[in-house]
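Asks: using only what follows, build the 3D model:
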Amino acid sequence: MKRLKAGIAALCTMAALLVGNDAAQAAPPGDRDVIANLWSWNWNSVARECTDHLGPAGYGGVQVSPPQDSLTRAGAVWWDIYQPANYTLTSKFGNESQFAAMVRACHDAGLKVYADAVINHMTGQGSTSYGGTSFAKYAYPGLYSAADFHYYSEDCGNSDNLIHDGDYGSSARNVQNCELVGLSDLETEEDYVRGAIAGYLNKLIGLGVDGFRVDAAKHTSPADLGDVYRRLNGSPYIYQEVIYGAGEAVQPSQYTGIGDVLEFQYGRYLREKFLGNISDLRTFGESWGGMQPSGKSVTFVANHDTERGSSALSYKDGAAYRLATVFQLAWNYGTPQVYDGFTWSDREAGPPHSNGFVRDAVCGSGWECLHRDPAVTGMVGFHNAVRGTGVTGWNSPNGNVIAFSRGAKGWIAINNGSGSYAGTFATGLPAGTYASVTGTGAVSVNGSGQATVTVPAKGAVAIVAGGTTTPPDQVPVTFNVNATTTWGTNVYLVGSIPALKNWNTGEAVPLSSAGYPVWSATVTLPANTSFEYKFIKKDASGNVTWESGGNRVHTTGSSATTIDATWK
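Replies: Residues are numbered from 1 along each chain as shown. The predicted model follows:
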């Protein structure tokens with residue numbers, strides 16, 4: 001019977017091809033193509049972020065987590081959302097009306113919405129969902145029954161019906177027909193299954209979703225996915241998770257004819273270079289092993305899978321992670337994605353939640369918000385401004401420092417070293433005084449197009465054509481932090497700009513304890529400038545203790561300000 005169903009499905013696919021029903025994957029992200037990946041954020045939080053931050057910063061899209069109902073683990077793990085229980089839209093992130101309101105809010109802010117689509121499989125365990133429905137493996141009432149799954153010997157070449165490590169190098173059949181870590185693998189050759197999947201995706205399209213990140217695409221054949229895509233309404237943007245492996249039977253290039261692909265090699269190479277020698281990046285792109293054409297690639301420095309491994313950088317790498325993201329937005333390869341999830345120490349743990357349902361995201365309190373970092377948002381604007389230009393004027397005075405222009409539209413210098421770097425560079429821009437989009441002050445370009453700049457440690461200076469300004473004035477900023485200490489330990493301030501010592505703890509700004517336990521200092525800083533900072537403690541032996549959590553962020557105005565804080 002299953003062979004008969006597969007034959008009927010194949011005939012349906014052939015008929016669709018004969019009538020020329022093209023796969024609905026032709027809609028690119030648009031002129032503003034940077035995607036913020038707000039992984040595991042609930043719908044209300046995504047809506048607010050689109051309105052308050054992503055839209056004003058110039059992001060073009062937001063990727064949201066799988067919206068379908070899933071296996072419930074009461075929020076205790078992150079991976080339950082990748083085990084669908086049905087296609088209703090009640091999940092640990094919110095309900096259907098909240099999802100629809102989020103899409104509308106993001107559209108109103110000028111962003112497209114891309115949903116993470118889990119369509120290769122259903123759950124592999126459990127019996128109840130976040131929406132309160134009951135199910136069993138291979139039995140999902142009103143949706144799928146046992147006949148809709150790969151679990152007969154004719155489907156998978158392994159007796160235990162599981163994908164084995166050795167299959168990746170030798171058997172596309174087993175990679176695509178056997179079960180991935182025991183998840184119920186849908187028989188996507190079936191016309192009914194294809195229709196059910198397309199029905200779910202079309203429901204999301206009907207609510208305004210603009211495209212999909214297709215999860216585990218590597219584990220579904222391109223022919224099956226292509227048939228599903230051809231059934232979709234409109235022209236949703238499709239980008240697929242197909243992890244590259246040298247010599248493997250299933251390759252990303254097999255999927256670029258039906259959509260774009262997530263470029264996993266990109267993050268692997270950036271980790272290698274930003275923990276080593278960034279001057280090697282001069283030729284970075286599809287000529288590097290395993291990378292796909294730029295126009296078919298969605299790039300990322302980290303995602304929820306890679307940050308739990310060792311193949312790529314993550315927020316735990318601090319300044320190197322931030323700087324690699326700055327480079328990503330400056331370089332001319334692929335559609336860039338900026339990732340933010342939640343902080344974690346247990347790699348299995350789920351996001352902050354109440355009774356299993358995800359709490360609102362609060363930056364710095366269990367949630368990472370790199371997408372809000374002033375240097376990153378500045379580089380989103382840089383990326384948008386230099387769109388359509390190539391890299392010119394490459395300059396690398398040493399292994400830690402690189403500089404290049406994007407045609408005549410922008411110029412950037414990046415310093416991955418532990419100390420600041422001063423030098424003179426050819427920018428390719430007209431004479432004038434420019435504001436650095438990374439918040440590092442003013443840059444003067446002379447009549448020869450040259451600029452003499454000091455690039456902070458683990459920082460960047462970037463300017464765009466038309467971004468001229470006058471040098472910023474200085475304003476006093478008072479820092480107050482409530483911090484208890486032991487005898488002989490003092491509190492200091494250090495940050496990302498020269499006035500805050502470019503993160504050099506040996507030269508950190510001392511705070512006074514006259515109002516103990518509140519420590520205070522007033523520092524003169526450039527006006528209208530964004531920067532990051534942290535408070536540190538030093539004991540009598542000079543040992544340094546950093547406060548926990550992500551870097552604090554502040555933007556000075558044109559007058560004196562006071563910042564009141566509590567030691568984290």
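Asks: beta partners of Trp519?
Replies: Trp519 has these beta-bridge partners by DSSP bridges: Val481.
Asks: the residue nearest the centre of the chain - nearest residue in space that isn't next to it in sequence?
Replies: Residue closest to the average C-alpha location in the chain (Cα atoms, centre = their mean): Tyr339, at 2.0 Å. Of all residues not flanking Tyr339 in the chain, Asn37 sits nearest, at 4.5 Å (Cβ to Cβ, 6 or more residues apart in numbering). The C-beta positions use only the backbone N, C-alpha and C, and glycine is treated the same way.
Asks: just how off-centre is whichever strand or helix holds the residue nearest to the centre of the chain within its chain?
Replies: In this structure, Tyr339 sits in strand 335-340 according to DSSP states H and E. Distance, stretch centre to chain centre, for strand 335-340: 3 Å (Cα atoms, centre = their mean, to the nearest Å).
Asks: I'd like to know which elements that strand is packed against.
Replies: With contacts defined as 3 or more Cβ pairs under 8 Å, 6 or more residues apart in numbering; DSSP states H and E, strand 335-340 has these neighbours: strand 35-38, strand 297-300, helix 319-330, helix 374-385.
Asks: what do you get if the cut-off is 10 Å, keeping everything else the same?
Replies: When contacts are defined as 3 or more Cβ pairs under 10 Å, 6 or more residues apart in numbering; DSSP states H and E, strand 335-340 packs onto strand 35-38, strand 61-64, strand 237-240, strand 260-263, helix 264-274, strand 297-300, helix 319-330, helix 374-385.
Asks: next secondary structure element downstream of that strand?
Replies: Moving toward the C-terminus from strand 335-340, the next helix or strand (DSSP H and E) is strand 353-354.
Asks: excluding its backbone neighbours, what's nearest Trp394?
Replies: Phe404 (4.8 Å).
Asks: turn the helices and strands packed on strand 335-340 into a markdown table, columns for distance to Asp539.
Replies: Below are those laid out as a markdown table (distance: least, Cβ to Cβ, whole Å):
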| stretch | distance to Asp539 |
| --- | --- |
| strand 35-38 | 39 |
| strand 61-64 | 44 |
| strand 237-240 | 50 |
| strand 260-263 | 45 |
| helix 264-274 | 31 |
| strand 297-300 | 40 |
| helix 319-330 | 24 |
| helix 374-385 | 31 |
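Asks: so can I have CSV of these showing mean pLDDT and distance to Gln251?
Replies: Listed next are those as CSV, based on pLDDT from 0 to 100; distance: least, Cβ to Cβ, whole Å:
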stretch, mean pLDDT, distance to Gln251
strand 35-38, 98, 24
strand 61-64, 98, 24
strand 237-240, 98, 12
strand 260-263, 98, 10
helix 264-274, 98, 12
strand 297-300, 98, 14
helix 319-330, 97, 23
helix 374-385, 96, 29
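Asks: quick one: closest of the ones you listed to Ser45.
Replies: If you check each of the helices and strands packed on strand 335-340 against Ser45 by Cβ to Cβ, strand 35-38 wins as the nearest, at 7.5 Å.
Asks: who does the closest one pair up with?
Replies: Applying DSSP bridges to the sheet, strand 35-38 is found paired with strand 61-64 (parallel), strand 335-340 (parallel).
Asks: between those, which gets nearest to Leu232?
Replies: Nearest to Leu232 among the strands paired with strand 35-38 is strand 61-64 (17.5 Å), distances taken as Cβ to Cβ.
Asks: buried sites along the helix or strand that comes right after the closest one?
Replies: For strand 61-64, the succeeding helix or strand toward the C-terminus, using DSSP H and E, is helix 96-108. Under the neighbour-count criterion of 16 or more other Cβ atoms under 10 Å, helix 96-108 has Gln98, Phe99, Ala100, Ala101, Met102, Val103, Ala105, Cys106 buried.
Asks: repeat for stretch 151-165
Replies: Going by neighbour count (16+ other Cβ under 10 Å), the buried part of stretch 151-165 is Tyr151, Asp155, Cys156, Asn158, Asn161, Leu162, Ile163.
Asks: how far away is the fourth one from Phe212?
Replies: When Cβ to Cβ, to the nearest Å is applied, the distance between Asn158 and Phe212 equals 29 Å.
Asks: cool, and the fifth one?
Replies: Applying Cβ to Cβ, the value for Asn161 to Phe212 is 27 Å.
Asks: do the same with Glu272
Replies: Distance, Glu272 to Phe212, by Cβ to Cβ: 30 Å.
Asks: ok, Arg32 next?
Replies: Look at Arg32 and Phe212: by Cβ to Cβ, they are 19 Å apart.
Asks: repeat for Phe357
Replies: To Phe212, Phe357 is 24 Å away according to Cβ to Cβ.
Asks: ok, these two, which is more surrounded?
Replies: Just comparing Phe357 and Phe212: by other Cβ atoms under 10 Å the higher neighbour count belongs to Phe212, 24 against 15.
Asks: shouldn't that one be in contact with Asn202?
Replies: No: with contact defined as Cβ atoms under 10 Å, Phe212 does not reach Asn202; the gap is 11.1 Å.
Asks: now the common contact residues for those two.
Replies: Leu232, Pro236 (Cβ atoms under 10 Å, 6 or more residues apart in numbering).
Asks: which parts of the chain are helices?
Replies: According to DSSP state H, the chain carries its helices in the segments 2-18, 43-49, 55-57, 96-108, 172-177, 191-206, 222-230, 264-274, 319-330, 374-385.
Asks: one step back: who's in contact with the residue nearest to the centre of the chain?
Replies: When contacts are counted by Cβ under 10 Å, 6+ apart, Tyr339 touches 35-39, 63, 267, 300-304, 306-307, 312, 314-315, 321, 325, 368, 370-371.
Asks: which of these count as buried?
Replies: So, of the contacts of Tyr339, 35-39, 63, 267, 300-304, 306-307, 312, 314-315, 321, 325, 368, 370-371 end up buried under the neighbour-count rule (16+ other Cβ under 10 Å).
Asks: apart from its chain neighbours, what residue comes closest to Ala465?
Replies: Using Cβ to Cβ, 6+ apart and skipping residues adjacent in sequence, the residue nearest Ala465 is Lys409, 5.0 Å away.
Asks: hang on, the one you found packs against Val386?
Replies: Yes: Lys409 lies in contact with Val386 (Cβ under 10 Å); the separation is 4.4 Å.
Asks: and those two? Which one has more around it.
Replies: Shown here are Lys409 and Val386; by other Cβ under 10 Å, Val386 has more neighbours (24 against 17).
Asks: tell me the pLDDT at the more buried one?
Replies: The per-residue pLDDT reported for Val386 equals 97.
Asks: ranges for the strands of the stretch 451-568 of the chain?
Replies: Using DSSP state E, counting those that start in this stretch, the strands of the stretch 451-568 of the chain run over 459-464, 474-482, 490-495, 509-510, 512-515, 518-526, 530-538, 544-546, 552-555, 561-566.
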